[in-house]
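**Student:** Take this sequence and fold it.
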Amino acid sequence: MADYRFVRLSLPSPAGTDAPKWVTPMVRYKRRFWVLAACLSALAGFVDAIGFVKLGGLFVSFMSGNSTRLAVGLATGSHVAVIAGSLIFAFVVGVVLGTMAGNAARARRKPAVLSLVGVMLALAAVLDQQAHDLAATLVMAAAMGVENAVFQRDGEVSIGVTYMTGTLVKFGQRLAAALMGGQPFGWIPYLLLWCGLAGGALAGAFLYPRLGPLSLWLAAGAAGIFAVLSVILPEDQPHTRNEAGN
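**Tutor:** Numbering: from 1, shown residues only. Below you'll find the predicted structure:
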């Protein structure tokens with residue numbers, strides 16, 4: 001009879017870390033950065049809800065939705081396609097600007113990128129006060145693109161603060177792993193991200209009809225506060241094997 005033996009392979013850890021293979025990018029961050037990421041997700045939800053209210057169903061941070069609206073608009077000949085395409089373009093420009101600013105700032109990536117987000121949201125508030133609605137929302141979309149450059153490693157986004165579909169997928173995967181005996185709390189940071197965005201969107205949808213452009217000034221101020229907090233936080237280092245398992 002054949003003798004089947006199971007050999008346990010030792011896979012290499014991600015570059016520069018001792019984290020096990022199953023540790024996803026967000027879990028590699030220290031827990032204090034989970035809270036910052038959730039706050040930034042709340043800011044994105046807040047701004048996105050304002051954009052949604054202003055544009056009547058388009059988004060300034062949710063580019064999957066805008067891509068669908070672009071395609072449907074092209075198919076039906078609707079002018080919505082132009083607006084959706086413009087928002088997507090502005091968002092990508094923001095990602096480019098945020099990445100360049102972060103790379104130039106090196107160790108001060110987070111405060112530099114968040115300061116840029118704050119400046120752009122302040123500009124959007126000024127434009128909104130002057131009733132330049134489309135221009136304001138395009139600047140808001142660019143600001144949300146910039147925000148996604150806050151958490152970046154090896155040239156790639158490590159925590160996407162506006163990617164809620166991917167976040168929910170990872171939440172489900174980590175929850176399944178916990179139910180099957182894996183890391184028991186690996187799903188928590190992804191749930192925090194989603195709750196942050198949903199809570200921020202609720203606040204934005206509630207406040208903008210009541211406060212108008214002041215809501216965007218509040219968002220700009222929040223970005224400034226987060227920039228200061230990111231300076232206070234120690235430089236993030238990847239988890240060690242033991243830390244990742246806790």
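
**Student:** What's the separation between the residue nearest in space to the middle of the chain and H132?
**Tutor:** A centroid search over the chain (CA atoms, centre = their mean) returns V161, at 1.4 Å, as the residue closest to the centre. Spatial separation of V161 from H132 under the definition CB to CB, to the nearest Å is 26 Å. Any C-beta I mention is one placed from the backbone N, CA and C, and that applies to glycine too.

**Student:** Now the helix or strand encompassing V95: average pLDDT?
**Tutor:** Element membership for V95 (DSSP states H and E) is helix 80-105. Mean pLDDT, helix 80-105: 96.

**Student:** same check, this time on stretch 184-198
**Tutor:** Along stretch 184-198, the predicted local confidence has a mean pLDDT of 91.

**Student:** Identify each buried residue in it, please.
**Tutor:** Buried residues in stretch 184-198, defined by neighbour count with 16 or more other CB atoms under 10 Å: 186-194, 196-197.

**Student:** of these, closest to M120?
**Tutor:** Distances from M120 to the buried residues of stretch 184-198, taken as CB to CB, are shortest for L197 (19.0 Å).

**Student:** Could you list which residues are in contact with that closest one?
**Tutor:** Under the criterion of CB atoms under 8 Å, 6 or more residues apart in numbering, the neighbours of L197 are 41-42, 44-45, 48, 161-162, 164.

**Student:** ok, 6 Å please
**Tutor:** For L197, the contacting residues are 41, 45, 164, taking CB atoms under 6 Å, 6 or more residues apart in numbering as the criterion.

**Student:** Please, which helix or strand holds it?
**Tutor:** L197 is part of helix 188-211 when elements are defined by DSSP H and E.

**Student:** about what we covered before: tell me the one among the buried residues of stretch 184-198 nearest to A37.
**Tutor:** Taking CB to CB as the measure, L193 is the one of these closest to A37, at 6.1 Å.

**Student:** what's the distance between the closest one and P213?
**Tutor:** Spatial separation of L193 from P213 under the definition CB to CB is 28 Å.

**Student:** same question, A90
**Tutor:** Noted for A90: a distance of 19 Å to P213, by CB to CB.

**Student:** again, but for G94
**Tutor:** 20 Å.

**Student:** Looking at these two, which one has more neighbours?
**Tutor:** For G94 and P213, the more surrounded residue by other CB atoms under 10 Å is G94, and the numbers stand at 27 against 18.

**Student:** Please give me every residue in contact with that one.
**Tutor:** So, once contact is read as CB under 6 Å, 6+ apart, G94 ends up touching 142, 145-146.

**Student:** Leaving aside the residues adjacent along the chain, what's closest to it?
**Tutor:** Leaving out its chain neighbours, the residue that sits closest to G94 by CB to CB, 6 or more residues apart in numbering is G145, at 2.4 Å.
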